[in-house]
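**Student:** no sequence for this one, just the structure:
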């Protein structure tokens with residue numbers, strides 16, 4: 001009986017993440033995030049620089065929806081300049097390309113799996129919700145009509161104190177997968193727990209990089225409100241890219257079907273099931289490190305680093321001298337983190353003896369460097385370069401290391417090492433990294449400072465990987481290629497850049513560029529108070545090398561054909 005009460009209480013808390021509930025005068029909702037039909041990222045809490053977000057449920061098969069869209073578009077024009085954002089929410093769960101092909105007048109958020117629509121309890125196409133993004137409350141819920149117009153006028157005048165509601169006459173929204181999973185919930189042991197084991201347990205275990213362990217049914221239940229929140233606002237899984245632009249195994253995805261299984265299992269009461277086996281209890285709590293490719297040809301031992309128990313840690317720059325009396329070529333490498341609970345990330349460049357970590361990047365907007373790779377929390381297998389390609393370590397060069405640590409309440413010492421695997425003979429092609437890093441000035445409170453930089457290759461190359469680098473005000477970054485005389489096309493997009501996760505994205509299919517072709521690095525900064533990571537939106541921000549500065553650097557790793 002006690003466990004049953006805990007289950008009911010926990011699930012009630014989880015459901016409140018997005019389900020409306022009474023809270024003072026205005027109804028409350030939780031936060032959520034979706035990509036729109038063009039791959040742009042929208043999160044309700046990231047619109048705090050707006051006075052309101054107007055969002056209407058859309059279903060392409062509903063005959064009456066065209067009039068509602070037209071009316072909403074007219075309001076968008078009427079209230080232009082009044083800090084009101086207008087959006088559509090595709091509650092049908094349609095393919096994004098289908099929605100994009102409809103040439104709608106407003107951005108349409110692609111609610112794949114219908115998870116947000118279901119959590120918001122949207123019942124009909126044409127239903128309008130007006131959010132207060134600062135407090136995650138509702139000014140309005142109802143039809144696209146004169147009542148919506150008058151409510152917007154009232155809230156701009158500061159006089160809306162109760163949620164305005166009225167009936168919607170649009171087409172009913174069906175939720176077939178939700179209804180199916182609520183009627184016949186997924187089995188915990190064979191369907192739900194394996195999702196957590198495959199996608200979460202690497203970090204969320206005792207001694208792992210995650211802030212809490214998911215090591216049993218009870219722990220999963222207890223953390224279910226947090227899990228629901230971070231899945232719906234796309235904080236987790238980390239390192240997400242737009243799944244419809246290029247492909248990389250370095251990114252992490254959860255399919256719509258996987259999300260439906262996990263979240264609707266919670267909606268159904270998180271049944272434990274009859275199977276006595278709990279896969280989460282079988283995950284080893286201690287991770288035993290092994291050199292994946294066998295004993296390395298050379299192990300670089302980084303200097304010991306002391307990490308305080310509490311506080312924000314600045315970047316720590318160190319270097320490792322190398323004893324090689326000749327040029328060596330690296331075919332593979334692997335990081336062995338000393339204390340993965342505190343090691344946030346590590347970047348490694350190959351530098352001349354008299355050069356610091358930043359090298360030519362400090363002075364030049366375009367620079368060519370030897371970038372070995374980076375460490376991030378989670379599973380870090382050995383990186384093996386494509387056959388016939390490698391990283392050159394010239395005689396007399398060193399490794400330049402940038403460590404970033406986070407504190408966890410315990411003072412500790414980190415002793416990270418790097419295993420290097422060499423070619424017996426020089427490979428045919430050298431991997432180099434082009435750093436495209438323009439200079440800029442970001443004005444205070446600017447929510448979308450656009451950036452666009454490019455580099456033209458003077459000879460044919462093959463691009464194998466890319467990496468986005470910004471700091472706290474980074475908003476998004478996209479890589480695109482433009483053939484000489486041709487049409488630009490996107491090849492990888494990070495629509496919601498997160499300073500906390502900075503992987504090197506190894507492309508599943510290498511990109512071949514000819515002489516005269518360009519690589520574009522496009523994106524934006526958010527220097528407004530809508531950015532939860534922004535230390536001070538009132539500051540003017542310029543280029544700099546430290547975390548309290550800003551940078552907009554696209555790293556492009558390639559070899560010449």
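**Tutor:** Structure's in. What do you need? Small disclaimer: the values here were computed from a predicted structure and weren't measured.
**Student:** where do the strands sit along the stretch 451-561 of the chain?
**Tutor:** All strands of the stretch 451-561 of the chain, identified by DSSP state E, counting those that start in this stretch, fall at 461-469, 474-482, 489-494, 505-513, 518-525, 541-542, 553-560.
**Student:** could you dump these to TSV with mean pLDDT?
**Tutor:** Shown next, in TSV, are the strands of the stretch 451-561 of the chain (pLDDT from 0 to 100):
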stretch	mean pLDDT
strand 461-469	97
strand 474-482	98
strand 489-494	97
strand 505-513	96
strand 518-525	98
strand 541-542	95
strand 553-560	98
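**Student:** how about the residue lying farthest from the centre of the chain: what's its closest non-neighbour residue?
**Tutor:** Ranking residues of the chain by C-alpha distance from their mean position (C-alpha atoms, centre = their mean) puts residue 325 at the top, at 42.6 Å. Nearest residue to residue 325 in three dimensions, chain neighbours excluded: residue 395, at 6.6 Å (C-beta to C-beta, 6 or more residues apart in numbering). No exception for glycine: its C-beta is placed from N, CA and C like everyone else's.
**Student:** show me this structure divided up by domain.
**Tutor:** If you go by automatic domain parsing, the domain ranges for the chain are 2-174, 179-282, 289-430, 433-561.
**Student:** quick revisit: closest to residue 174 out of the strands of the stretch 451-561 of the chain?
**Tutor:** strand 489-494 (31.2 Å; C-beta to C-beta).
**Student:** returning to what we had before: name the element the residue farthest from the centre of the chain belongs to?
**Tutor:** Assigned by DSSP states H and E, residue 325 falls within no helix or strand.
**Student:** one more: residue 420?
**Tutor:** strand 417-422.
**Student:** then residue 116?
**Tutor:** helix 115-119.
**Student:** ok, now which ones touch residue 219?
**Tutor:** Contact analysis of residue 219 by C-beta atoms under 8 Å, 6 or more residues apart in numbering lists 212-213, 280.
**Student:** next one: residue 249
**Tutor:** 506, 508.
**Student:** how far away is it from residue 76?
**Tutor:** Separation of residue 249 from residue 76 (C-beta to C-beta, to the nearest Å): 40 Å.
**Student:** and what of residue 89?
**Tutor:** For residue 89 relative to residue 76 (C-beta to C-beta), the value is 15 Å.
**Student:** can you check residue 222 too?
**Tutor:** For residue 222, the distance to residue 76 - C-beta to C-beta - is 43 Å.
**Student:** ok, back up a step: nearest to residue 189, out of the strands of the stretch 451-561 of the chain?
**Tutor:** strand 505-513 (32.7 Å).
**Student:** any weak-confidence spans in this structure?
**Tutor:** Applying pLDDT under 70 to the chain picks out residues 1-24.
**Student:** how does it look with 50?
**Tutor:** The model of the chain has pLDDT under 50 over residues 1-6, 8-24.
**Student:** what segments of it are helices?
**Tutor:** For the chain, the helices defined by DSSP state H occupy 2-15, 65-78, 96-100, 115-119, 146-156, 176-183, 193-199, 217-222, 224-232, 256-267.
**Student:** hmm, back to that, and the strands of the stretch 451-561 of the chain as JSON lines, adding distance to residue 244 and mean neighbour count?
**Tutor:** Conversion of the strands of the stretch 451-561 of the chain to JSON lines gives the following (distance: least, C-beta to C-beta, whole Å; neighbours: other C-beta atoms under 10 Å):
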{"stretch": "strand 461-469", "distance to residue 244": "17", "mean neighbour count": "23"}
{"stretch": "strand 474-482", "distance to residue 244": "12", "mean neighbour count": "22"}
{"stretch": "strand 489-494", "distance to residue 244": "9", "mean neighbour count": "21"}
{"stretch": "strand 505-513", "distance to residue 244": "14", "mean neighbour count": "17"}
{"stretch": "strand 518-525", "distance to residue 244": "17", "mean neighbour count": "22"}
{"stretch": "strand 541-542", "distance to residue 244": "31", "mean neighbour count": "18"}
{"stretch": "strand 553-560", "distance to residue 244": "20", "mean neighbour count": "22"}
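**Student:** right, and those strands - which one's nearest residue 198?
**Tutor:** Here strand 505-513 is closest among the strands of the stretch 451-561 of the chain (C-beta to C-beta), at 19.3 Å.
**Student:** ok, the residue nearest to residue 325 - contacts?
**Tutor:** Residues in contact with residue 395 (C-beta under 8 Å, 6+ apart) are 324-327.
**Student:** now the two most distant members of the residues you listed.
**Tutor:** Greatest spacing in the contacts of residue 395, by C-beta to C-beta: 325 and 327 (9.7 Å).
**Student:** for residue 236, give its distance to residue 211.
**Tutor:** 11 Å.
**Student:** go on, residue 225?
**Tutor:** The gap separating residue 225 from residue 211 is 14 Å, by C-beta to C-beta.
**Student:** who's more crowded, these two?
**Tutor:** Neighbours were counted for residue 225 and for residue 211 using other C-beta atoms under 10 Å; residue 225 has more, 19 against 12.
**Student:** out of the contacts of residue 395, the closest to residue 400 would be?
**Tutor:** For the contacts of residue 395, the nearest to residue 400 is residue 324 (15.8 Å; C-beta to C-beta).
**Student:** so the closest one touches residue 392, yeah?
**Tutor:** No - here residue 324 does not reach residue 392: they are 11.2 Å apart, not a contact under C-beta atoms under 8 Å.
**Student:** look at those two and report which has more neighbours.
**Tutor:** Neighbours of residue 324 and residue 392, each counted by other C-beta under 10 Å, are more numerous for residue 392; the result is 17 against 13.
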